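Engineer: sharing a sequence plus its predicted fold:
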Amino acid sequence: MKLFLKYRYATVVLVVLLPRLLWFFFLGGEIPEPVRDQGLYLSLAGRVIAGEGISYSSEMGFLRSVMPVDPEFRGNWMQDPNYLFGMVPVETPTASIEPGYPIILGIIFMLTGPSTGSVYFLNSVFALLGAFSLMVMVRENWGKKQALIAAVMWSVYPYYVYYSAYAMTDMIHISLLPVIALLTLRSVSKVRAGFAAGISTGMLFLVRSTALFLLPVQIVWLFVRKRWKAAFAVLIGFVLCCIPWVVRNQAALGSPVLMPTKGSLNLWMRNSPSMLAVEGINIPDFIENGINRRNLLEYPSMEGLNTELERSHLIMARALQFILSNPGLFAYLAIARAYHFLSPVGGTLNNAVAILTGILIYFPMLLIAFREAFRRKKDRRIVFLVSIFLLYFVLHALAHGGVRYRLPVDMILMTLSSLFIGRKMGWSEKGTGGGIEQ
């Protein structure tokens, strides 16, 4: 252990990069299947390079309109090549998707060229950032040995290695959350760290909009600690990071849009039994038979509605009306999504390797973390980390569910597991400080 501690930075670099390089060679340098939204992100990054900004090409609109899909998905929202998702006009600026990942990927493409290797490189850089941030957070608060254990667990976690190959936002999301946790904990004693925490939360928001809900957790936790200046600094940092995006949307769309407009379509689809059935999520007959206002599940006519915002508002209104008309269905789906969020085998990763990882690694880690969190319930730092986990749990019980959406907060389970190991080994829990109030 002493040798690994002495060379802890080299150790972390090695355990981050080695499995990802092996994964790269195993895939033959290709991006893994299923494709999911990778094509959209790659296309958007290409548009950024070409100076077209965040917008969809007419070619992408045509491809989406003719691509083979399940009949349940074939409808007004898929057939018009001039609108992506039946909502976003092609060849025009859009706020349908967060701008962060396409811009970052576009910058990497400009430096290295548009290739799958660029995707691996970008994700590996963020993986290093996440591993080091987690190690520093645990070291400053609980000790060096626990920090190394947590960082190694984070680095070789099979789910994280798997998503290191995807041209999507997951790896950046997974990696930025330890940065945010580290800086927020530091801000208890350093106001400047609060500003940096706000900037980091803003950066994550521009990659994944669910980060918006991290902001009140950070601010409330700091207010409870009576760190008002730090809480204000977090808010200022977040706002400053988001201003360019809001200003751009005001100029391009005529409205200071903050949240992605495609969220309305996601809300509509994620509560439609027929759409969910395509994904293998079936509704019990006693709930299915009691569904009200089924007409709201039909994609509406968009005649006379030409702009992205008009179409998004209409879809959002119909989605909300359907949810309010069917509280029983929504409650059932929320419970099912909550289960799939926590389940080692449920939701968005269900191949054999993912299932084994869930059963043999994740589930024991969850049980250990639950026990350790209860044991340390008076530690306000642990309260903060658990609050983040619970936030993600609630958000995705209401919206998505599935293993994929839990992955960013698995780092909290790793932190608690490393503390459990350290306690059983009798290791000292005196952190190094780093501006943290002990």
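Structural biologist: Here it is on my side, so go on. Numbering: from 1, shown residues only.
Engineer: ok, residue 173 to residue 134 distance?
Structural biologist: Residue 173 sits 14 Å away from residue 134, taking C-beta to C-beta, to the nearest Å as the criterion. For glycine as for every other residue, the C-beta is placed from the backbone atoms N, C-alpha and C.
Engineer: okay, these two: which has more neighbours?
Structural biologist: residue 134 (29 against 22; other C-beta atoms under 10 Å).
Engineer: what count of nearby residues applies to the nearest residue to residue 313 once chain neighbours are set aside?
Structural biologist: Closest residue to residue 313 in three dimensions, ignoring its sequence neighbours and counting by C-beta to C-beta, 6 or more residues apart in numbering: residue 264, at 7.3 Å. Using other C-beta under 10 Å, residue 264 has 23 other residues around it.
Engineer: ok, now residue 271?
Structural biologist: For residue 271, the neighbour count with other C-beta under 10 Å is 22.
Engineer: wait, what's in contact with it?
Structural biologist: 319, 322-323, 326, 329-330, 333 (C-beta atoms under 8 Å, 6 or more residues apart in numbering).
Engineer: in helices only, show me the residues you listed.
Structural biologist: Per DSSP state H, helices hold the following members of the contacts of residue 271: 319, 322-323, 329-330, 333.
Engineer: with distance to residue 429, pLDDT and neighbour count as extra columns, can I get these in JSON lines?
Structural biologist: What follows is the ones in helices among the contacts of residue 271, written out as JSON lines (distance: C-beta to C-beta, whole Å; pLDDT from 0 to 100; neighbours: other C-beta atoms under 10 Å):
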{"residue": "319", "distance to residue 429": "48", "pLDDT": "93", "neighbour count": "22"}
{"residue": "322", "distance to residue 429": "50", "pLDDT": "94", "neighbour count": "22"}
{"residue": "323", "distance to residue 429": "46", "pLDDT": "94", "neighbour count": "17"}
{"residue": "329", "distance to residue 429": "47", "pLDDT": "93", "neighbour count": "21"}
{"residue": "330", "distance to residue 429": "43", "pLDDT": "94", "neighbour count": "15"}
{"residue": "333", "distance to residue 429": "41", "pLDDT": "94", "neighbour count": "23"}
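Engineer: in contact with the residue nearest in space to the middle of the chain, which residues?
Structural biologist: Closest to where the C-alpha atoms of the chain average out (C-alpha atoms, centre = their mean) is residue 173, at 4.6 Å. The contact partners of residue 173, by C-beta under 8 Å, 6+ apart, come to 204, 207-208, 407-408.
Engineer: residue 378: what secondary structure?
Structural biologist: For residue 378, the assignment made with DSSP: H, G, I helix; E, B strand; the rest coil gives coil.
Engineer: can you offset everything so residue one is 46?
Structural biologist: Understood, numbering begins at 46; the last thing we discussed is residue 423.
Engineer: would you list the phi and psi of residue 100?
Structural biologist: As for residue 100, its main-chain torsions (degrees, to the nearest 10) stand at phi -160, psi 160.
Engineer: hang on, it packs against residue 139?
Structural biologist: Yes: at 5.6 Å, residue 100 counts as touching residue 139 under the criterion of C-beta atoms under 8 Å.
Engineer: show me which of those two is the more surrounded one.
Structural biologist: Using other C-beta under 10 Å, the more surrounded residue of residue 100 and residue 139 is residue 139, with 25 against 22.
Engineer: report pLDDT for the more buried one.
Structural biologist: Listed pLDDT for residue 139 reads 95.
Engineer: show me where pLDDT drops low in the stretch 146-295 of the chain?
Structural biologist: Counting by pLDDT under 70, not a single residue of the stretch 146-295 of the chain qualifies.
Engineer: wait, isn't the residue nearest to residue 358 in contact with residue 361?
Structural biologist: Yes: with contact defined as C-beta under 8 Å, residue 309 counts as touching residue 361 (3.6 Å).
Engineer: before we move on, the earlier item: quick check, the residue nearest to the centre of the chain in a helix?
Structural biologist: Yes: the assignment for residue 218 is a helix, going by three-state DSSP.
Engineer: for residue 257, see how far away it is.
Structural biologist: Going from residue 218 to residue 257 by C-beta to C-beta gives 13 Å.
Engineer: identify the residues contacting the residue nearest to residue 358.
Structural biologist: Contact analysis of residue 309 by C-beta under 8 Å, 6+ apart lists 132, 357-358, 360-361, 364.
Engineer: can those go into TSV with extra columns for distance to residue 323 and secondary structure?
Structural biologist: What follows is the contacts of residue 309, written out as TSV (distance: C-beta to C-beta, whole Å; DSSP: H, G, I helix; E, B strand; the rest coil):
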residue	distance to residue 323	secondary structure
132	19	coil
357	22	helix
358	26	helix
360	18	helix
361	22	helix
364	17	helix
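Engineer: of these, closest to residue 198?
Structural biologist: Closest approach to residue 198 among these (C-beta to C-beta): residue 364, at 38.7 Å.
Engineer: mind listing what the closest one touches?
Structural biologist: Residue 364 makes contact with 309, 312-313, 316, 341, according to C-beta under 8 Å, 6+ apart.
Engineer: which one of these is nearest to residue 200?
Structural biologist: Minimum distance to residue 200 across the contacts of residue 364 is 35.2 Å, recorded for residue 312 (C-beta to C-beta).
Engineer: pull the CA atoms of the helix or strand where that closest one lies into CSV?
Structural biologist: Secondary structure assignment for residue 312, by DSSP states H and E: helix 308-314. What follows is helix 308-314, C-alpha atoms only, in CSV (Å, rounded to 0.1, in the frame of the first residue of the first chain):
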residue,chain,number,x,y,z
GLY,A,308,-37.4,18.1,-22.8
SER,A,309,-41.1,18.5,-23.7
LEU,A,310,-40.8,15.6,-26.2
ASN,A,311,-39.0,13.4,-23.6
LEU,A,312,-41.8,14.1,-21.1
TRP,A,313,-44.5,13.2,-23.6
MET,A,314,-42.7,10.0,-24.7
